[in-house]
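Q: Pasting a predicted model and its sequence here:
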Amino acid sequence: MQLGAEFVGTFILIFAATAGPIVNQKYTNSETLIGNAACAGLAAMIIILSTGHISGAHLNPSLTIAFATFRHFPWVQVPAYIVAQVSASICASFALKGVFHPYMSGGVTVPSVGLGQAFALEFLITFNLLFVVTAVATDTRAVGELAGIAVGATVLLNILVAGPSSGGSMNPVRTLGPAVAAGNYRALWIYLLAPTLGALAGAGAYTIVKLQDDDAEPPRQVRSFRR
């Protein structure tokens, strides 16, 4: 049940976040930044609200790895979650390719700035995302009912900041699936490595802040967005 929810949730996220830029390319021949950001942010919000209590709604291998690293998620479940996320991303991307062909290239996140700048942007926006996710998902003092809104708003904000430069991926499977479907692997390594390092840094930063506030209380095992 958990893997099924993770697969469906990731499918919806990748479908929505990738469809926005594709639709812009097909029907307006331009990019609407606020529309692209809203597609991804709203998708993240509704998925967390609808499946967070089942699978935790990770939707992102970087998040899964970061949570496991800081003992918020069992390592034994990490491979299965990543397989579900990757396969859902590829399935969603080929579904989009079938519907919108030949406009799939518009949904691939590629840098429009230098590789170093793109790497830094993806690292920083994923840091922001995981700081917020770790706060609302692992701290019992956070208002759990607002987790979906907080995370969705963070995704929207990050894309508004980084979308025109790096694509605002924050998620290896956001880039991997569309890249496979479009056959465009340009700078793919950035979108696999930078979000993972940023996720570890963001989750680690909140863990340090929380430990200091709790007088060095050890982190507890949680179930992400499950309540």
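A: Structure received.
Q: Just the buried residues of stretch 62-71, please?
A: Judged by neighbour count (16 or more other C-beta atoms under 10 Å), stretch 62-71 contains these buried residues: S62, L63, T64, I65, A66, F67, A68, T69, F70. Every residue, glycine included, has its C-beta placed from N, CA and C.
Q: Which residues are in contact with the last one?
A: F70 makes contact with T134, A203, G204, T207, P219 under the criterion C-beta atoms under 8 Å, 6 or more residues apart in numbering.
Q: Let me know the pLDDT of it.
A: Predicted confidence (pLDDT) for F70: 93.
Q: How much space separates it from T207?
A: Note on F70: its distance to T207, by C-beta to C-beta, to the nearest Å, is 5 Å.
Q: Ok, the first one next?
A: S62 sits 16 Å away from T207 when distances are taken as C-beta to C-beta.
Q: again with A179
A: Counting by C-beta to C-beta - A179 and T207 are separated by 32 Å.
Q: And for I125?
A: From I125 to T207 the distance is 19 Å (C-beta to C-beta).
Q: and what of D139?
A: Taking C-beta to C-beta, one finds D139 at 10 Å from T207.
Q: For these two, indicate the residue with more neighbours.
A: More crowded of D139 and T207, by other C-beta atoms under 10 Å: T207, with 21 against 17.
Q: got any ranges where this structure has weak pLDDT?
A: Scanning the chain for pLDDT under 70 picks out 29-31, 142-144, 214-227.
Q: Am I right that N128 is in contact with T154?
A: Yes - between N128 and T154 there is a contact under C-beta atoms under 8 Å: 6.2 Å.
Q: Centre-most residue in this protein?
A: N171 (4.1 Å; C-alpha atoms, centre = their mean).
Q: Name the nearest residue to that one, ignoring sequence neighbours.
A: N60 (4.4 Å; C-beta to C-beta, 6 or more residues apart in numbering).
Q: Pull up the distance across stretch 65-83, start to finish.
A: Distance across stretch 65-83, first residue to last, is 13 Å (C-alpha to C-alpha, to the nearest Å).
Q: Alright, that wraps it up for me.
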